[in-house]
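Engineer: let me see the structure of the following:
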Amino acid sequence: MKTSLMLLCLLVIAVAPLPRNSATAADKKKPPKPIDHSSPQKIAEEFTQAMKHENWERAFQCLNDEKSRMALLAAAMLPAAFATGNDESKRKSLKAVTDKHGELKPDDLSNVKKLAAMFGDLEKWLTNNLPKIDGKPQESIGKQFEIAEYKNFKVKADVATAVVYQNGRKSPTAAYFKRIKGKWYFDAYEAARNSKSGFKLNIKKK
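Structural biologist: Below is the predicted model:
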């Protein structure tokens, strides 16, 4: 009887399916899809989705050059600086966020090690520290692009423009795109340079 039971156990083990190995190639996380640079419309969609999912590195890869990447980071720095006001504790907490990424100088972000990482940390800081308006929290820069709608694309050679409505706002802003070696990119520097808000940049390159 004992021999029969042992044989039965061995038979079950032999025919039972082996447990799946979680480390197999099939189960590994798939690599991200390449960014679609085929048109201004596609890169606008890629940028918006990256901001929506807080994939800051991917969002910064949608930008055309270092100047444009620094322009987007500066756009987050400005409201952060205003949000500190006369609050010493906020100033210290903001400085702690920026210091870990490199030395900041007026109109010069060339010493920042990783712009996308710093932008992500600034987004977190802004979410927690922006003052409320009429009892409602303000939107950080990333949040403004989460539900952005682009219309009226116009292409002329290697430059394109569009009208963008951010999070359903009634007042649109202009979006700029540039084609480099056959690929379209979002031009944040040109958008900042032509901003009607008076937001002007004099950014030094690395």
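Engineer: so which elements touch the longest helix anywhere in the chain?
Structural biologist: Ranked by number of residues, the top helix in the chain under DSSP state H is helix 66-84. Applying 3 or more Cβ pairs under 8 Å, 6 or more residues apart in numbering; DSSP states H and E, we find helix 66-84 packed against helix 56-61, helix 88-99, helix 115-129, helix 141-146, helix 188-193. (C-beta placed from N, C-alpha, C; glycine too.)
Engineer: pull out the buried positions in the last one.
Structural biologist: Of the residues in helix 188-193, Ala188, Tyr189, Glu190, Ala191, Ala192 count as buried by neighbour count, 16 or more other Cβ atoms under 10 Å.
Engineer: per-residue confidence averaged over it?
Structural biologist: Mean per-residue pLDDT for helix 188-193: 88.
Engineer: which elements pack onto it?
Structural biologist: helix 66-84, strand 173-180.
Engineer: if you set the cut-off to 6 Å instead, what comes out?
Structural biologist: Packing partners of helix 188-193 (3 or more Cβ pairs under 6 Å, 6 or more residues apart in numbering; DSSP states H and E): helix 66-84.
Engineer: so the helix it packs on versus helix 115-129, what angle?
Structural biologist: Relative orientation of helix 66-84 versus helix 115-129 (axes from the mean of the first three to the mean of the last three Cα atoms, to 10 degrees): 20 degrees.
Engineer: closest one of the buried residues of helix 188-193 to Lys67?
Structural biologist: Checking those against Lys67 with Cβ to Cβ, the nearest one is Tyr189 at 4.5 Å.
Engineer: distance of the closest one from Ala75?
Structural biologist: 10 Å (Cβ to Cβ, to the nearest Å).
Engineer: could you do Cys62 as well?
Structural biologist: 15 Å.
Engineer: just confirm Pro31 is within a strand.
Structural biologist: No: counting by DSSP: H, G, I helix; E, B strand; the rest coil, Pro31 is located in no strand; its state is coil.
Engineer: just give me the neighbour total for it.
Structural biologist: 6 (other Cβ atoms under 10 Å).
Engineer: same question for Ala174.
Structural biologist: For Ala174, using other Cβ under 10 Å, the count is 14.
Engineer: just Ser89 next, same as before
Structural biologist: 9.
Engineer: how about Ala80?
Structural biologist: Ala80 has 20 nearby residues by other Cβ under 10 Å.
Engineer: contacting residues for it?
Structural biologist: Leu94, Leu122, Leu126 (Cβ atoms under 6 Å, 6 or more residues apart in numbering).
Engineer: let's see 10 Å
Structural biologist: When contacts are counted by Cβ atoms under 10 Å, 6 or more residues apart in numbering, Ala80 touches Lys90, Leu94, Val97, Thr98, Leu122, Glu123, Trp125, Leu126, Asn129, Leu130, Ser140, Ile141.
Engineer: what's near enough to touch the third one?
Structural biologist: Read it as Val97. Here Val97 is in contact with Ala80, Met118, Asp121, Leu122, Lys124, Trp125, Leu126 (Cβ under 10 Å, 6+ apart).
Engineer: if you set the cut-off to 6 Å instead, what comes out?
Structural biologist: Asp121, Trp125.
Engineer: pull the residues that contact stretch 40-60.
Structural biologist: 35-37, 62, 69, 116, 119-120, 142, 145-146, 148, 150, 153, 160, 177, 184, 186.
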